[in-house]
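Q: Below are the sequence and a predicted model for it; my questions follow.
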Amino acid sequence: MRSSQYKESYLQKINIKQSIKHWGKIIFAGVPQAWSGRLKKIYRAGLRYYYSQKDLNFCRNQFNADRARFERHAPCFVPARSDPYGPWDRQQFRSVMTIEYHRLEKGLALPEPRPGFGLDTVVKLPVMVDKYIEKFGFDDLANICLSVLEQYFQFNQDRQIANPELEAWIGKTNRIHGHIRGELQTGGSHPFTKQELVESTRLDLSGFFASRHSIRNFTNNSVSLDLISQAVQMAQFTPSVCNRQAARISVLHTAEDKEKALSYQNGNRGFGHTADKVLVISSNLKSYNSVGERNQCWIDGGMFAMSLVYALHSLGLGTCCLNWCVENDVDRSFKQELSIPDSDAIAMLILVGYMPDKIQVATSRRKHLEEVLFVHN
Ligand SMILES: Cc1cc2nc3c(=O)[nH]c(=O)nc-3n(C[C@H](O)[C@H](O)[C@H](O)COP(=O)(O)O)c2cc1C
């Protein structure tokens, strides 16, 4: 349902209310004066109840659809049969392995890692990696797990803690896959100095933050896909839950796709069509592995979007975030039309383009500091 159709259904709702009012008048026309006041009250209370139940049911259906979508994609809901890893697709498998390897990475990055920590992960992860390699081959993720386990093993060995099973697994995996490891990303932990941090942050970013505004007026100059890729790479440094990196960016750049996308969104009238690109920011629900993580997609998608907006700003591009406050049927048809997977939870759209030399921007005054900052005693 597009925004124009929304308006129609809204008008229909008003019509229903008006016609009930109209019928109320007719029904009560013949009722004696002494009764009509009381009956009208009952009639109105009945109507109010009917509408509140209708809205409540509608709301429940929306939440149910969200729940069903989470259950369709989150690996924790994929039924475990005899082989607990069997039914997962590559993305689901990767998410669960990332949770596990990152536990070890985090442990190794503590001020004083406890020798022998994370034993349950150390038992589980090699089995998972073997299954994963069997199903999808040795790739960057298998390699990251291998390096993390190697570093973990070394850490313990240096503290006189032996783990012969892990040693044997590392030896075997290295013999089979070691030769391509050099080409792939590695994991574990690495040193980082305060000096590095200080040197890279000798910038006053307050002016940079203050100069970003939502741009609602773009030139017809085209933004290269290289520039978009550069901004996305910058935004990839955004933290994400257990480093699962669930964010996905879909770039819409043909006139047809942009028009289609914007027709589903209710806040771009009068300016959306001037943007050169429309980005769809979403999070892959296959990245989340427990009920507690059911809302994590909004955090990961939102944080990635913010970094991306600043990255695009730093490259001289104008942006305007667009809400994705839509009901499930709108979300579904949007995804179908624009080939966005059902497993993606859309956080927002972002318009991107070059701005003209001079424009008006909305002032969008910020709240006073005391309204947002609460220092607890
Ligand atoms: C998630 C999100 C959704 C937004 N949706 C819209 C929208 O649909 N239409 C619009 O014109 N602006 C939209 N905005 C822009 C806000 O109005 C704007 O960020 C806010 O007023 C602050 O102004 P500034 O971005 O210029 O600092 C959205 C912003 C965010 C973060």
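A: Everything's here; your move.
Q: Which helix runs longest in this protein?
A: Looking across the chain with DSSP state H, the single longest helix is helix 33-73.
Q: so the residue in the chain positioned nearest to the ligand is in which element?
A: Residue nearest to the ligand within the chain: Gly267 (2.2 Å; Cβ to the nearest ligand atom). Any C-beta I mention is one placed from the backbone N, CA and C, and that applies to glycine too. Assessed by DSSP states H and E, Gly267 sits outside every helix and strand.
Q: for the record, mean pLDDT for the longest helix of the chain?
A: Here helix 33-73 scores 88 as its mean pLDDT.
Q: next SSE after it?
A: Using DSSP H and E, the helix or strand that directly follows helix 33-73 along the chain is helix 90-108.
Q: From the chain's centroid, how far away is that next one?
A: Between the centre of helix 90-108 and the centre of its host chain there is 18 Å, according to Cα atoms, centre = their mean, to the nearest Å.
Q: Heading C-terminal from the biggest strand by length in the chain, find the next helix or strand.
A: Criterion DSSP state E: the longest strand present in the chain is strand 344-353. Scanning forward in sequence from strand 344-353 by DSSP H and E, the next helix or strand is helix 369-372.
Q: Just say helix, strand or coil for the nearest residue in space to Ile359 that is not next to it in sequence.
A: Spatial nearest neighbour of Ile359, chain neighbours left out: Asn217 (4.5 Å); criterion: Cβ to Cβ, 6 or more residues apart in numbering. Secondary structure state of Asn217, per DSSP: H, G, I helix; E, B strand; the rest coil, is coil.
Q: burial of Asn217, as a residue count?
A: Asn217 has 17 neighbouring residues, counting by other Cβ atoms under 10 Å.
Q: The host helix or strand of Val232 to strand 344-353, inter-axis angle?
A: According to DSSP H and E, Val232 maps onto helix 225-235. When axes from the mean of the first three to the mean of the last three Cα atoms, to 10 degrees is applied, the directions of helix 225-235 and strand 344-353 differ by 130 degrees.
Q: buried set for helix 225-235?
A: Going by neighbour count (16 or more other Cβ atoms under 10 Å), the buried part of helix 225-235 is Leu227, Ile228, Ala231, Val232, Met234, Ala235.
Q: Check the offset of it from the chain's centre.
A: Between the centre of helix 225-235 and the centre of its chain there are 18 Å (Cα atoms, centre = their mean).
Q: which element follows it toward the C-terminus?
A: Beyond helix 225-235 on the C-terminal side, the first helix or strand identified by DSSP H and E is strand 247-252.
Q: Show me the contact partners of that following strand.
A: Outside strand 247-252, the residues within contact range by Cβ atoms under 8 Å, 6 or more residues apart in numbering are 225, 228, 232, 235, 238, 240, 258, 261, 277-284, 300-301, 304-305, 308, 338, 340, 344.
Q: Among these, name the buried ones.
A: Those of the contacts of strand 247-252 that meet the buried threshold are 228, 232, 235, 238, 240, 258, 261, 277-284, 300-301, 304-305, 308, 340, 344, by 16+ other Cβ under 10 Å.
Q: Filter those down to the ones in strands?
A: Lys277, Val278, Leu279, Val280, Ile281, Ser282, Ser283, Asn284, Asp344.
Q: In JSON lines: these, plus pLDDT and distance to Leu315.
A: Shown next, in JSON lines, are those (pLDDT from 0 to 100; distance: Cβ to Cβ, whole Å):
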{"residue": "Lys277", "pLDDT": "98", "distance to Leu315": "13"}
{"residue": "Val278", "pLDDT": "98", "distance to Leu315": "17"}
{"residue": "Leu279", "pLDDT": "98", "distance to Leu315": "14"}
{"residue": "Val280", "pLDDT": "98", "distance to Leu315": "19"}
{"residue": "Ile281", "pLDDT": "98", "distance to Leu315": "17"}
{"residue": "Ser282", "pLDDT": "98", "distance to Leu315": "22"}
{"residue": "Ser283", "pLDDT": "98", "distance to Leu315": "24"}
{"residue": "Asn284", "pLDDT": "98", "distance to Leu315": "25"}
{"residue": "Asp344", "pLDDT": "98", "distance to Leu315": "25"}
